[in-house]
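**Q** here's my sequence, what's the structure:
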Amino acid sequence: MTDRPTAGVDIGGTKIKAAVVTPDGAVLASATAPTPPGGAAMLDVAAELVARATASAGVPVAAVGVGAAGVVDPVTGEVLAASDTFVDWVGTDLSAGLAARTGLPVTVANDVDSFLVGEATWGAVRGARSAAGIALGTGVGGALWLDGALYRGAGAAGEIGHMPGFGDARCTCGQRGHLETLASGRSVERRYAEVLGGVGLGDAGPAAVGAAEIESRARVGDDAALRVLADAGRAVGSAVLVLAALLDVGHVVVGGGLARAWDLLEPAIRARLDDEPPVSGHRIEVRQAVLGGDATVIGAAALARP
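**A** Numbering: from 1, shown residues only. As a prediction, the model looks like this:
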């Protein structure tokens with residue numbers, strides 16, 4: 001294994017970030033830019049950011065790792081599926097496209113897989129033999145760490161956001177009743193509007209109040225804001241119980257933009273877990289992510305290490 005740094009890239013719906021990361025998980029330099037529409041344009045920006053971060057770090061990188069939104073084939077490097085947030089993203093060959101632009105070997109993974117690798121290697125669940133990662137952002141993503149390694153299954157293992165059984169609201173994927181309809185930033189916004197008598201869950205238009213403002217309102221006692229955040233927390237707790245029953249995961253790390261409201265979400269998550277403890281009798285440890293906005297780039301860089 002080389003001692004040279006690797007580059008990690010986080011491709012999300014609103015921004016792309018690249019960072020140069022040492023073998024011990026330290027970020028030497030990073031660069032960020034808005035996500036443009038279209039797969040080719042996104043790869044152009046990603047390559048430019050890798051070059052900028054590498055120049056800032058002042059050291060060459062051995063390889064590039066990418067954590068990308070959507071379902072990604074880690075073998076072929078192709079984006080197989082993505083939410084309607086992305087334009088011309090499905091079918092993009094990440095590995096070949098970014099390798100051609102950077103001249104470096106490229107490893108690809110889902111962004112939440114990369115997030116969990118970062119947190120399991122240097123973050124909140126460091127040292128855990130088994131863990132689940134949950135990202136509460138615009139949508140809800142998930143990943144699994146089993147027996148000390150990332151578990152991908154057929155390619156989309158751990159996609160907890162599309163676990164059914166959470167009511168009848170339509171999900172961004174077109175199905176109904178998925179966890180994402182209760183626990184994502186977008187669903188919190190829509191449910192808050194609905195509680196106040198405004199835009200409903202099925203409405204395609206923008207919610208009037210953003211998730212960050214809902215969090216702020218909850219902190220000053222807004223009943224509707226407290227309600228929708230508590231509902232989100234309970235839904236996450238219910239999903240974790242299913243994971244625990246199937247896989248006996250002992251640790252869960254929660255990140256993403258909505259996790260900034262951790263002190264408002266965690267009591268509801270914990271209460272739901274305590275309602276129905278796992279048959280193993282082991283307490284599930286649920287923790288907030290600690291690597292912040294660097295988790296995905298750190299994990300992606302680790303996956304790329306030769």
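**Q** A69 and L80, how far apart?
**A** As judged by C-beta to C-beta, to the nearest Å, A69 and L80 stand 12 Å apart. Glycine gets a C-beta too; all of them are placed from N, C-alpha and C.
**Q** show me which of those two is the more surrounded one.
**A** Taking other C-beta atoms under 10 Å, A69 and L80 do not tie; A69 has more neighbours (25 against 13).
**Q** just checking, that one touches T14?
**A** No - contact between A69 and T14 fails when scored by C-beta atoms under 8 Å: they sit 10.0 Å apart.
**Q** low-confidence ranges, the stretch 201-306 of the chain, go.
**A** Residues of the stretch 201-306 of the chain that meet the criterion pLDDT under 70 lie in 201-207.
**Q** mind listing the strands for it?
**A** Counting by DSSP state E, counting those that start in this stretch, the stretch 201-306 of the chain has these strands, from start to end: 251-255, 285-288.
**Q** deepest of these, which one?
**A** Greatest average neighbour count among those goes to strand 251-255 (a mean of 26), per mean count of other C-beta atoms under 10 Å.
**Q** dump that one to CSV, keeping only the CA atoms.
**A** Written as CSV, here are the backbone C-alpha positions of strand 251-255 (Å, rounded to 0.1, in the frame of the first residue of the first chain):
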residue,chain,number,x,y,z
HIS,A,251,-23.8,0.5,15.7
VAL,A,252,-25.5,3.1,13.5
VAL,A,253,-24.0,6.4,12.4
VAL,A,254,-26.3,9.1,11.2
GLY,A,255,-25.1,12.0,9.0
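**Q** helices and strands around that strand, which ones?
**A** Under the contact criterion of 3 or more C-beta pairs under 8 Å, 6 or more residues apart in numbering; DSSP states H and E, the helices and strands touching strand 251-255 comprise helix 111-122, strand 131-136, helix 223-247, helix 262-275, strand 285-288.
**Q** which other residues reach that strand?
**A** By C-beta atoms under 8 Å, 6 or more residues apart in numbering, the surrounding residues in contact with strand 251-255 are 115-116, 119-120, 123-125, 128, 130-136, 236, 240, 243, 262, 265, 269, 284-289, 291, 295.
**Q** next, the angle from it to strand 131-136.
**A** Inter-element angle recorded for strand 251-255 and strand 131-136: 20 degrees (by axes from the mean of the first three to the mean of the last three C-alpha atoms, to 10 degrees).
**Q** so how far is strand 251-255 off the chain centroid?
**A** 11 Å (C-alpha atoms, centre = their mean, to the nearest Å).
**Q** what pairs with it, and is each one parallel or antiparallel?
**A** Using DSSP bridges, the strands paired with strand 251-255 are strand 131-136 (parallel), strand 285-288 (parallel).
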